[in-house]
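> Dropping the sequence and predicted coords here.
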Amino acid sequence: MNCIITGASRGLGKAMAERFAAGGYALYLCSRNEKHLSGTIGELTARFPGRTILGKAVDMGSKEQATAFGQWLLDGGVEIDVLINNAGIFLPGSVHDEPEGLLEQLMSVNLYSAYHLTRKLLPAMMTRRSGHIFNICSIASFKAYANGGAYSITKYALAGFSANLREELKPHNIKVTSVYPGATYTDSWAGSGVAPERIMESADVAEMVYTASRLSPQATVEEILLRPQLGDL
């Protein structure tokens, strides 16, 4: 079984890579930062000897690089059992005064990366009539909040992409799950002053995604919604 994860070198992506590796999956990872990706692959290889764990440095905000990553997988004969579209970026701002070009920048990473990679891989998945796609959305996909601006807009868009994909792929036996995590402790929270115990662990989200991937062929978890026990921040 193979699992492809974008944005896999840190945070949620790394946690999901760890969980799927523990479950026996071969991993095919990408990240924009080659150094972080190499370190993650090294850690996982040491923890799971004998497991296939390969990666490629990719800027998923580039259509050309996103589709090239997909072609790399296809050229390698990788059958897509699980695809996790996790690549994303958060930059704060409000619609009325955020920097010019911020929406386009975030849209390219948070939406177009998933769109272009999925489209590249879908023909092979449809031929096999199998596979499971997870799109890592956010609570911000349906709840606007202060200083969310362009980020919230792009996550709304990713949720729309995911919902449409679910409907389109039902007759092709391909599952689609939208994942809506609330505040989850990753590097971006370091130095924020928020106590780690106030928010979720990355492993919490990873466990839910992994579990959803293991259901029978006739069952699909359409949405996963997780929030910290005490609610949103």
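Structure received.
> tell me which helix or strand of this structure sits lowest on mean pLDDT?
Least confident helix or strand, the chain: strand 184-185 with a mean of 82, by mean pLDDT, DSSP states H and E.
> what is the closest residue to Ile41 other than its chain neighbours paired to in the beta sheet?
Once flanking residues are discounted, Ile41 sits nearest to Gly55: 5.0 Å by Cβ to Cβ, 6 or more residues apart in numbering. Yep, even glycine has a C-beta here, placed from its N, CA and C like the rest. Judged by DSSP bridges, the bridge partners of Gly55 are Leu29.
> and the gap between Gly55 and Trp72?
Distance, Gly55 to Trp72, by Cβ to Cβ, to the nearest Å: 10 Å.
> Which one's more surrounded, those two?
Gly55 (20 against 15; other Cβ atoms under 10 Å).
> Run a quick check on that one versus Ala26, I expect a contact.
No. Contact between Gly55 and Ala26 fails when scored by Cβ atoms under 8 Å: they sit 11.8 Å apart.
> what does the average pLDDT come to for the host helix or strand of Ala68?
If you go by DSSP states H and E, Ala68 is part of helix 63-75. Mean pLDDT, helix 63-75: 98.
> again with stretch 21-35
96.
> so who does the residue nearest the centre of the chain touch?
By Cα atoms, centre = their mean, the chain has its centre lying nearest to Asn86, at 1.6 Å. Counting by Cβ atoms under 8 Å, 6 or more residues apart in numbering, Asn86 touches Ile5, Thr6, Gly7, Ala8, Leu12, Gly13, Met16, Phe134, Ile136.
> from those residues, which is closest to Thr177?
The closest of the contacts of Asn86 to Thr177 turns out to be Phe134 (Cβ to Cβ; 5.0 Å).
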